[in-house]
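**Q** got a predicted structure plus its sequence, pasted below:
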Amino acid sequence: MPVFEITKQATFDAAHHFPNEPEGSIYRRVHGHSFTVEATVRSEVLDAEHGWVADLGALDRALKAAAETLDHGMLNEHPGLELPSLENLCLWFVKTLKPEWPGLCRVQVARPTINERCVLSL
Ligand SMILES: Nc1nc2c(c(=O)[nH]1)N=C([C@H](O)[C@H](O)COP(=O)(O)OP(=O)(O)OP(=O)(O)O)CN2
Ligand SMILES: [Zn+2]
């Protein structure tokens, strides 16, 4: 069965540190990154009234609101981000978005300026 997937991207900038890394590690010191987050929603059928999986504008608003929560802040202060890896950021976005977006099937969090990303497939 063919499956439709729609994707939206948002950006945020945030600081973090990894408290469990050894003394002297650059990861242990507070530092910042520019992040992108992509959320993908899937469906086998289209909404008959609109001809779409879901309104990309609504997905945009939900994703931007979630990213805004983290923007220009300290990631470690958010529950679930005490160890603020890309992997835990993916889990945080899933936990934040999934209740209102049951078709959410994939979240990608990236640091494009240093060519790093993590994808969580649900
Ligand atoms: N699997 C993961 N590994 C690492 C993560 C992560 O989220 N998941 N995160 C980090 C740190 O956030 C680190 O700051 C990442 O930066 P780094 O790859 O070291 O790139 P930098 O530009 O900051 O440093 P350079 O030395 O200039 O490459 C580490 N690992
Ligand atoms: Zn970092």
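**A** Now that the structure is in, tell me what you want to look at. Numbers count the residues shown, from 1 in each chain. Ligands and ions are numbered 1, 2, ... in the order given.
**Q** from the contact counts, what lies against the one helix or strand Ala58 maps to?
**A** When elements are assigned from DSSP states H and E, Ala58 belongs to helix 56-70. If contacts are counted by 3 or more C-beta pairs under 8 Å, 6 or more residues apart in numbering; DSSP states H and E, helix 56-70 sits against strand 4-16, strand 31-43, helix 86-97. Where you see a C-beta, it was placed from the backbone N, CA and C, and this is true even at glycine.
**Q** do that again at 6 Å, thanks
**A** On a contact count with 3 or more C-beta pairs under 6 Å, 6 or more residues apart in numbering; DSSP states H and E, helix 56-70 meets strand 4-16.
**Q** ends of stretch 39-52, how far apart?
**A** Distance between the two ends of stretch 39-52: 16 Å, counting by C-alpha to C-alpha, to the nearest Å.
**Q** before we move on, back to that, what pLDDT, on average, does the helix holding Ala58 get?
**A** When pLDDT is averaged over helix 56-70, the result is 98.
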